[in-house]
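1. Turn this into a structure:
(one chain, ligands or ions: 2)
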Amino acid sequence: MYKRGEIIRRSSEVGSGRVKQYELSKGKKLTQITTFCPDMIGPGPTHLYVIEDEALTLIDTGIPTSLAKKIFYYWRNQQIPDEIKDLPDDFSETELITGLETAGYSIEDLELIIITHGHPDHYLLGNKIVQRSNARVSAHVLDTDQICNPWTISKKVFEGRPRYEAMGMPLPASSAQDYHKKAVLDFSNMSLKVDCPISMDGLLSLDGIQSQYISVKHSPGHSPGAICLIIGSQEEEHKILICGDVLLYPITPHPDDLVTYLRTLDELKQIENIALSLPAHGKNIRDHYRRVNSLQNHHRNRLEFTYNSCYEPKSPWEIASMPRYFDVFVDPNKFNPMAGNETFVHMRLLEMAKGLYRPKVDGSVHYFQNTGESFEDVYRRVLAIINDRDTTAL
Ligand SMILES: [Fe+2]
Ligand SMILES: [Fe+2]
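-> Ligands and ions are numbered 1, 2, ... in the order given. The predicted structure follows:
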């Protein structure tokens, strides 16, 4: 059984910097250190975790403030608020270093870094930590290409552009080439070498490290190689789940593959004795099972909204920018890849379930109700796809 967390340092005005410590069984400690990452335009401050295991282990690294400013504001031509513009370039790094010291460690003590998934807010500070600590880096093998390849972000911009155009979304004024040039000029090493790829679920077993306390659960759908970590020995009744971006509260994680993500939610419900889920952003989740249920309901409702809106042909972007589709305002005239992708994965699943079909109308891809049957009938087939693991294997 773990003891209720104790806040040992409070957040600063930009909402990060907090250090919260949990006492686990056998006197081990788990520390949550919150580091800067922009809210609203980004997912909000990133929580990192330090676990006293066989190796002193850091889960996720956060993003250097200099890169957060570039990626979230300058490269996207977004206005940067004064309080963020004035932050020192090494702000998140300092939050981590002083957070470790507040918890009784130094950065040099770190022996292992586990990356929950290959999104930039989770691994880009890794090189700086490795330089000072010699820690080895581990991540699921299916996300190693995202983490190790310095051109991942640029590649996604090139790949994304024709897709967003087909969705009917207005494209940004700057081209993919402009974006790439800025990335090359500003920072050419946006990667982190993964030393020990994880390929199996179960107790963490890496070259030279055999944990009795940290178990891996591959949890794809938000990212192909996303993992959750179950903290606690086999016999423990109350375990903690470190869930990266797979479960978040109050925001909902964006699936890159909705079928896979919904299968992951089903699996996370089956893990017994989770007393607390600790995400990478937002609030800690006290009722794991309720949060999983509510995320399942959220996607069911979004599928229903999407299906009912396609009584006449609609492009993904028309749906994404409809009032109330998202609980934040999506400006139909502004490029917004997150909103477009989120809508598209719901339309794609309805198409797989033969509820929607897609003709090409007016220069972009549209979706249209196939036979006009009730959503409940279509949703039954959606659930059949989620439950049939072979459906998407080929
Ligand atoms: Fe993520
Ligand atoms: Fe994230």
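2. wait, isn't P332 in contact with I319?
-> No: assessed by C-beta atoms under 8 Å, P332 is found out of contact with I319, at 10.9 Å. Yep, even glycine has a C-beta here, placed from its N, CA and C like the rest.
3. Surely E6 is in contact with Q21?
-> Yes: here E6 lies in contact with Q21, judged by C-beta under 8 Å, at a distance of 5.5 Å.
4. Compare neighbour counts for the two and give me the winner.
-> Q21 (19 against 10; other C-beta atoms under 10 Å).
5. In terms of residue numbering, what are the domains of this protein?
-> Listed domain ranges for the chain are 3-149+191-286, 299-386 (source: automatic domain parsing).
6. For the helix of greatest length in the chain, buried residues please.
-> In the chain, taking DSSP state H as the definition, the longest helix is helix 288-309. Within helix 288-309, the residues scored as buried using 16 or more other C-beta atoms under 10 Å are H288, R291, V292, L295, H299, R302, L303, E304, F305, T306, Y307, S309.
7. returning to what we had before: neighbour count: P332 and I319, which is higher?
-> I319 (25 against 14).
8. Isn't the more buried one up against M347?
-> Yes: at 7.1 Å, I319 counts as touching M347 under the criterion of C-beta under 8 Å.
9. which neighbours do these two share?
-> Contact criterion C-beta atoms under 8 Å, 6 or more residues apart in numbering; residues shared by I319 and M347: T306, C310.
10. List the contacts of whichever residue of the stretch 51-200 of the chain sits closest to ligand 1.
-> Using C-beta to the ion, the single residue of the stretch 51-200 of the chain nearest to ligand 1 is H119, 3.5 Å away. For H119, the contact set (C-beta under 8 Å, 6+ apart) comprises Q146, S223, D245.
11. at 6 Å instead, please
-> Under the criterion of C-beta atoms under 6 Å, 6 or more residues apart in numbering, H119 has no contact partners.
12. Looks to me like Y325 is in a helix.
-> No: secondary structure of Y325 (DSSP: H, G, I helix; E, B strand; the rest coil): coil, not part of a helix.
13. where does it land on pLDDT?
-> Predicted confidence (pLDDT) for Y325: 96.
14. Tell me, how many residues neighbour it?
-> Y325 has 18 nearby residues by other C-beta under 10 Å.
15. now stretch 342-350, how far from the centre of its chain.
-> Here the centre of stretch 342-350 is set off from its chain's centre by 18 Å, with C-alpha atoms, centre = their mean, to the nearest Å.
16. Next, see if it gets close to ligand 1.
-> No: using C-beta under 5 Å from the ion, stretch 342-350 stays clear of ligand 1, coming no nearer than 13.0 Å.
17. Identify the residues contacting whichever residue of the stretch 51-200 of the chain sits closest to ligand 2.
-> Scanning the stretch 51-200 of the chain for proximity to ligand 2 using C-beta to the ion identifies D121 as nearest, at 4.4 Å. Residues in contact with D121 (C-beta under 6 Å, 6+ apart) are C37, T46, I63.
18. Filter these down to the buried ones, ChimeraX style.
-> To isolate the buried members of the contacts of D121 in ChimeraX, using 16+ other C-beta under 10 Å:
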select :37,46,63
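19. Are the helix or strand that V157 is a member of and ligand 1 in contact anywhere?
-> With secondary structure defined by DSSP states H and E, V157 is part of helix 152-167. No: shown here: helix 152-167 not in contact with ligand 1 (C-beta under 5 Å from the ion), separated by at least 12.6 Å.
20. mind pulling up the phi and psi values for the nearest residue to A275 once chain neighbours are set aside?
-> Once flanking residues are discounted, A275 sits nearest to H238: 3.8 Å by C-beta to C-beta, 6 or more residues apart in numbering. Note on H238: backbone dihedrals following degrees, to the nearest 10 are phi -120, psi 110.
21. And for H238, the neighbour number?
-> The burial count for H238: 13, using other C-beta under 10 Å.
22. got it, and S11?
-> The burial count for S11: 14, using other C-beta under 10 Å.
23. Could you check how far T264 is from ligand 1?
-> 13 Å (C-beta to the ion, to the nearest Å).
24. does that residue sit in a helix or strand, and which one?
-> Using DSSP H and E, T264 falls in helix 258-270.
25. Tell me which residues are up against the following helix or strand past that helix.
-> Counting by DSSP H and E, the element after helix 258-270 in chain order, helix or strand, is strand 274-279. Residues outside strand 274-279 that contact it (C-beta under 6 Å, 6+ apart): H238, K239, I240, L241, I242, C243, L247, L248, N284, I285, H288.
26. so which of these is the most crowded?
-> C243 (28 neighbours).
27. And whatever helix or strand that residue lives in, how far out from the chain middle?
-> For C243, the host element (DSSP H and E) is strand 239-244. Distance of strand 239-244 from the chain centroid (C-alpha atoms, centre = their mean) equals 14 Å.
28. Check stretch 74-86 too.
-> 22 Å.
29. can you check stretch 381-388 too?
-> Worked out by C-alpha atoms, centre = their mean, stretch 381-388 lies 24 Å from the chain centre.
30. With stretch 387-394 instead?
-> Averaged over its C-alpha atoms, stretch 387-394 has a centre that lies 24 Å from its chain's centre (C-alpha atoms, centre = their mean).
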